[in-house]
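**Student:** Please find the sequence and the predicted model below.
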Amino acid sequence: MANTPKKNKGANKGKGVGGNGNLIPAKKGEVRNPKGRPKKGKAWADIANELLGAKEIKFTLLINGKPKKDIHLSTELTMRHIIIASQIEMAINGDVQAARELADRTEGKPMPMTPGQAETIDLTDIADALNNSYEERKPQ
């Protein structure tokens, strides 16, 4: 019986790991953590929206504390306008990915077909509709 641990009936109740016996309630009006939890940094989307909504962006890229590159962008509109305009220009010049991205952003991404749906589509109807559309637009 010498090695048997003694049953402790409340002597250290609440103390130690997971206990709260040594906590003292805050007095009325007392603030225990005046600075509170630190705020999170801005999310990527917040930073992107801030920069895209700007008319001018100036910053210096530092590497090992030394200036590496100065960046200065300016526009009469917003950076969003410039990016979208350049993406439209890329699509016009044949960049399929830029055209797809514009379509996805403006029209929404197409829903993927399940194997059962793909088997039920009659491609001749689609081809006929495209041909009719071409014939209507074809210069005379």
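**Tutor:** Now that the structure is in, tell me what you want to look at. Residues are numbered from 1 along each chain as shown.
**Student:** Worst mean pLDDT across the helices and strands of this structure, which element?
**Tutor:** helix 115-120 (a mean of 71; mean pLDDT, DSSP states H and E).
**Student:** and the residue nearest to the spatial centre of the chain, what helix or strand is that in?
**Tutor:** The residue lying closest to the centre of the chain (CA atoms, centre = their mean) is Ala45, at 5.0 Å. Assigned by DSSP states H and E, Ala45 falls within helix 44-52.
**Student:** That helix packs against which elements?
**Tutor:** For helix 44-52, the packing partners by 3 or more CB pairs under 8 Å, 6 or more residues apart in numbering; DSSP states H and E come out as helix 79-92. The C-beta positions use only the backbone N, C-alpha and C, and glycine is treated the same way.
**Student:** go with 10 Å
**Tutor:** If contacts are counted by 3 or more CB pairs under 10 Å, 6 or more residues apart in numbering; DSSP states H and E, helix 44-52 sits against strand 56-63, helix 79-92.
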